[in-house]
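Asks: Okay, predicted coordinates and the sequence, questions at the end:
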Amino acid sequence: MIVTPGPLLIVNAYPDLTLPQADDGNVLVLAYRARARGIAVETRTITSGEELPAADIYVTGGLEDEDQGELARRLAAADTLASAVDAGAAVLGVNSGFQVLGESFSLPDGTHCEGLALLDVRTSRGREFLEGPVVTSPSPVLDLPALSGYESHFGLTELGPGAAPLATLEIGRGNAAGAPAFDGAVNGRVVGTYLHGPILARNPELADLLIALVTGDELEPLPRSFAEASRERRIEEARRWAAAGHKRVKM
């Protein structure tokens, strides 16, 4: 059931604080996939001088590590995001946006910060910078295919009992904490991931899942698009990259 009256409202939360890693494209994909099914959509970009409105889907991307505390403060202000989730909204957090949705995260100087506690995860800062392509195994729980993307982070994210992993990894380090190797976390309508790409452009089935979670509808499948064919090529490229022995870790 859509939370807000009128069109499905999708909010791009504080992109002025985030890095230019194409995560803004996730909003465009959500809007396109919804409209292709006849769902009226409004998109809104909220910058750091504005408060979050009540919305149906929120998207936030990766950012410089030192800006994570500011992003967490903005997202937590007025308790709008938590209240919207309680009312039925969905959230997608990518990279640092994923980390601040958790219980806690660490800044580069070692400062320990409280997160929004929308995901039962805790993130510390590792010594190694992880960068490279990511390929996941299909997720039987979420009925998702193998996902493709790339990671670029220092994060070590541990999942608590209240969160399930978004996906198990075939290639990549993802959360980089424990075995087996997982990426991201899911708790109800809140999804976090380390995958850039943007993830929804590479993996439109995840966009459909978010739309279905907030509308309560079983979405009609759309015709196979360029995204699916492109993902298959990206997955094969990543497998060749891994087989060639390229290093993922940078110190």
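Replies: Alright, I've got the coordinates. Numbering: from 1, shown residues only.
Asks: gap between the residue nearest to P133 when sequence neighbours are not counted and A201?
Replies: Spatial nearest neighbour of P133, excluding adjacent residues (CB to CB, 6 or more residues apart in numbering): A238 at 3.7 Å. The way it works is simple: take the backbone N, C-alpha and C, and place the C-beta from them, glycine included. A238 is 16 Å from A201, where distance means CB to CB, to the nearest Å.
Asks: next one: the lengthiest strand in the chain to chain centre, how far?
Replies: Looking across the chain with DSSP state E, the single longest strand is strand 121-136. Distance of strand 121-136 from the chain centroid (CA atoms, centre = their mean, to the nearest Å) equals 14 Å.
Asks: From one end of stretch 49-59 to the other, what's the distance?
Replies: End-to-end distance of stretch 49-59 (CA to CA, to the nearest Å): 17 Å.
Asks: Show me how far it is from its chain's centre.
Replies: Here stretch 49-59 shows a centroid-to-chain-centroid distance of 16 Å under the convention CA atoms, centre = their mean.
Asks: swap in stretch 98-112?
Replies: 16 Å.
Asks: Give the rounded mean pLDDT of it.
Replies: Predicted confidence along stretch 98-112 averages 89 (mean pLDDT).
Asks: Which residue ranges of the stretch 51-200 of the chain form helices?
Replies: Remark: helices assigned in the stretch 51-200 of the chain by DSSP state H, counting those that start in this stretch are 68-76, 80-87, 96-100, 199-202.
Asks: hmm, who's touching stretch 98-116?
Replies: Residues from elsewhere that reach stretch 98-116, judged by CB atoms under 8 Å, 6 or more residues apart in numbering: 60, 65-66, 68-69, 71-72, 75-76, 81-82, 91, 93, 96, 117-125, 155, 157, 160, 184-185, 190, 192-194.
Asks: Now it: buried residues?
Replies: For stretch 98-116, burial by neighbour count (16 or more other CB atoms under 10 Å) applies to 98-106, 115-116.
Asks: Which secondary structure element is home to L206?
Replies: Using DSSP states H and E, L206 sits within helix 204-215.
Asks: Does anything pack onto that helix? Which helices or strands?
Replies: Here helix 204-215 touches strand 8-13, helix 25-35, strand 57-60, strand 90-94, helix 199-202, going by 3 or more CB pairs under 8 Å, 6 or more residues apart in numbering; DSSP states H and E.
Asks: and that helix, average pLDDT?
Replies: 96.
Asks: helix or strand right after it?
Replies: Counting by DSSP H and E, the element after helix 204-215 in chain order, helix or strand, is helix 226-243.
Asks: which ones are touching G93?
Replies: G93 makes contact with 60, 99-101, 119, 190-193 under the criterion CB under 8 Å, 6+ apart.
Asks: Dump those to TSV, plus distance to P223.
Replies: Shown next, in TSV, are the contacts of G93 (distance: CB to CB, whole Å):
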residue	distance to P223
T60	30
Q99	36
V100	36
L101	33
L119	33
V190	30
V191	25
G192	30
T193	26
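Asks: remind me which residues of the stretch 51-200 of the chain are low pLDDT?
Replies: In the predicted model of the stretch 51-200 of the chain, residues 64-67, 78 satisfy pLDDT under 70.
Asks: For the helix holding L206, buried residues please.
Replies: Here helix 204-215 shows 204-211, 213-215 as buried, counting by 16+ other CB under 10 Å.
Asks: nearest to A229, of these?
Replies: P204 (11.7 Å; CB to CB).
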